[in-house]
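Visitor: Generate a structure from the sequence data that follows.
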Amino acid sequence: MGANINRYRRVFGSYCQIKYTKSLVRLFVLFYTSLLFNASYSQTSLVLNNNVFMKMNNSVYLVVNNPDSTAIKTTGTGGNIISESETNIVKWNVGTYYGKYIIPFSKSSGNKIPLELKISSAGIGSGSILFSTYGGATWDNSAYLPSDVTNISSLTGGINNSANVIDRFWIIDAVNYTTKPSPAITFNYLDSEHSAVGNTISEPTLFAQRFNNTINDWGGWLGTFGTVNTTANTVFSGTLSPADFFRSWTLVNQNSILPIELLYFKTECQSNNVINFQWATATEINNSFFTIEKSTNGVTWQELHRTKGAGNSSSTINYNYTSFYETDYNYFRLKQTDLNGAFKYSQIVSELCSNNNQPLFSFYPNPSTGQVNILLSNIQNQNVSIEITNALGQLVAKRNLTANENQLTETINIETKTKGIYFITVTTNSKQFTDKIIIYE
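Guide: Residues are numbered from 1 along each chain as shown. Next up, the predicted model:
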């Protein structure tokens, strides 16, 4: 056995750690034989007996090639797999199997947080599910977001909602499927991760939310409220459709959920210098009102119009507002405010309205850290040249384009981020524009 232990250490020593005693020799043999790459022999199950610990380090993958839900077992007083990093992953090659898959995660000794994934409708394809979980050092979840999560508050900004979010994330990533499975998830959590100083969570209102990384938003699927068990420290998600099976999860206070799903926000020029604003939501929870804001430079904003929200809704709602166009204001955004004062912004849209057919030019933001968005209108079928020069007249960026539509937006990252004044020159078939932009570090 000593030779086998030394061999294990040589092969896996920098990747995995296992705490074991003489009574756990069988566990070590099972784990060792099932992890050897290209081995001619293996075990059908990874058995964790009598509270053994498996601690994963340094972005390790524990691959479970048996698709059956019994491929990881706990016996006796149970077992513990410590991930505590997004990149310490249990990869279970589930494929087209279904059943109750349990990962016996723990944070540390005495802090068990097993994760249960019950697949009722199998996926299509030879896919795998990647599991990991980790907590943070403070209540502020924004300091340790999963790699695909862009915010803990809203689509592009707003109030940091970490105080209403448990101090832990779960990664449950179904990969390489043609159609993902339909799972129901039971999360186990620690009291210390909702009661930490800085949090304002009411434990009986905890429920699960997932991050939709295709639209950078937490909304769109709100699970089933009221499925927390504060005695067992569990939260049940309810059943997900394959389309709602995204990778990053956390637990949130129902009274201050991570925000609504905004489907779109757009503008459209109409006749007689009139501009129409259109937007739609897929879901709304505690939504008080929307504010359309306007800007001359994409940095400083003023309120243009306010529209009452629906409060709570699970169906698509379309909104619109029409106003006379003010030529000084070319940039617009939508602000959504909850009943508790939390808010978020849409992406910035830029619109130029005119009664003639002459090309129009605008850009934002100004000042900028190096990225500039250039908007041109009335340029269909024209050749467009965009040049950015520094104060010495040296060229730092250039684009040559052909406009296939009447409006064109081009984003340019200025390669040199040296602060100072730069000049943007846009040349079309019939007109040339020059304006200055300030770059700050």
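
Visitor: What ranges in the stretch 151-300 of the chain fall below the confidence cut-off?
Guide: Counting by pLDDT under 70, the stretch 151-300 of the chain has low-confidence residues at 154-159, 219-226, 255-261, 271-272.

Visitor: now the strands for it?
Guide: 168-175, 182-188, 206-210, 228-229, 234-239, 248-253, 261-270, 274-295 (DSSP state E, counting those that start in this stretch).

Visitor: Tell me which of those strands approaches W92 most closely.
Guide: Closest to W92 of these is strand 168-175 (Cβ to Cβ; 10.3 Å). C-beta coordinates here come from the backbone N, C-alpha and C atoms, glycine included.

Visitor: Y440: neighbouring residues, count only.
Guide: 11 (other Cβ atoms under 10 Å).

Visitor: wait, it sits on P365?
Guide: No: contact status for Y440 versus P365: not in contact, 10.7 Å apart, counting by Cβ atoms under 8 Å.

Visitor: sorry, back to before: could you dump the strands of the stretch 151-300 of the chain to a markdown table with distance to S132 and mean neighbour count?
Guide: What follows is these, written out as a markdown table (distance: least, Cβ to Cβ, whole Å; neighbours: other Cβ atoms under 10 Å):
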| stretch | distance to S132 | mean neighbour count |
| --- | --- | --- |
| strand 168-175 | 4 | 21 |
| strand 182-188 | 13 | 21 |
| strand 206-210 | 15 | 23 |
| strand 228-229 | 23 | 18 |
| strand 234-239 | 17 | 19 |
| strand 248-253 | 10 | 23 |
| strand 261-270 | 26 | 17 |
| strand 274-295 | 28 | 19 |
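
Visitor: counting contacts, what elements does the helix or strand encompassing T389 pack onto?
Guide: In this structure, T389 sits in strand 383-390 according to DSSP states H and E. The criterion is 3 or more Cβ pairs under 8 Å, 6 or more residues apart in numbering; DSSP states H and E, and the helices and strands that strand 383-390 contacts are strand 371-377, strand 395-402, strand 407-413, strand 420-427.

Visitor: what's the most buried one of these?
Guide: Neighbour counts (mean count of other Cβ atoms under 10 Å) averaged over each of those peak at strand 371-377, with a mean of 20.

Visitor: Now do it against strand 420-427, angle only.
Guide: 30 degrees (axes from the mean of the first three to the mean of the last three Cα atoms, to 10 degrees).

Visitor: neighbouring contacts of strand 371-377?
Guide: Strand 371-377 has contacts (Cβ atoms under 8 Å, 6 or more residues apart in numbering) with 298, 330, 348, 350-352, 354, 359-366, 384, 386, 388, 403, 406-414, 424, 426, 428, 437.

Visitor: quick revisit: the strand holding T389: which residues count as buried?
Guide: 384, 386-390 (16 or more other Cβ atoms under 10 Å).

Visitor: could those residues go into CSV alongside distance to N58 and pLDDT?
Guide: Listed next are these as CSV, based on distance: Cβ to Cβ, whole Å; pLDDT from 0 to 100:
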residue, distance to N58, pLDDT
V384, 50, 88
I386, 46, 91
E387, 48, 91
I388, 44, 89
T389, 48, 88
N390, 45, 84
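
Visitor: Farthest-apart pair in these, please.
Guide: V384 and N390 (21.3 Å).

Visitor: what about the closest residue in space to F343 that isn't next to it in sequence, neighbour count?
Guide: Of all residues not flanking F343 in the chain, T337 sits nearest, at 4.4 Å (Cβ to Cβ, 6 or more residues apart in numbering). T337 has 18 neighbours, counted by other Cβ under 10 Å.

Visitor: Ok, D191 next?
Guide: D191 has 11 nearby residues by other Cβ under 10 Å.

Visitor: Distance-wise, check it relative to P365.
Guide: As for D191, its distance to P365 is 44 Å (criterion: Cβ to Cβ, to the nearest Å).

Visitor: got it, and G198?
Guide: Distance from G198 to P365, by Cβ to Cβ: 32 Å.

Visitor: can you put the strands of the stretch 151-300 of the chain in CSV and add distance to V63?
Guide: Putting the strands of the stretch 151-300 of the chain into CSV (distance: least, Cβ to Cβ, whole Å) gives the following:
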stretch, distance to V63
strand 168-175, 13
strand 182-188, 20
strand 206-210, 24
strand 228-229, 32
strand 234-239, 25
strand 248-253, 21
strand 261-270, 35
strand 274-295, 37
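
Visitor: so which of those strands gets nearest K112?
Guide: strand 182-188 (7.0 Å).

Visitor: Tell me which other helices or strands the closest one touches.
Guide: strand 115-121, strand 168-175, strand 234-239, strand 248-253.

Visitor: try 7 Å
Guide: strand 115-121, strand 234-239 (3 or more Cβ pairs under 7 Å, 6 or more residues apart in numbering; DSSP states H and E).
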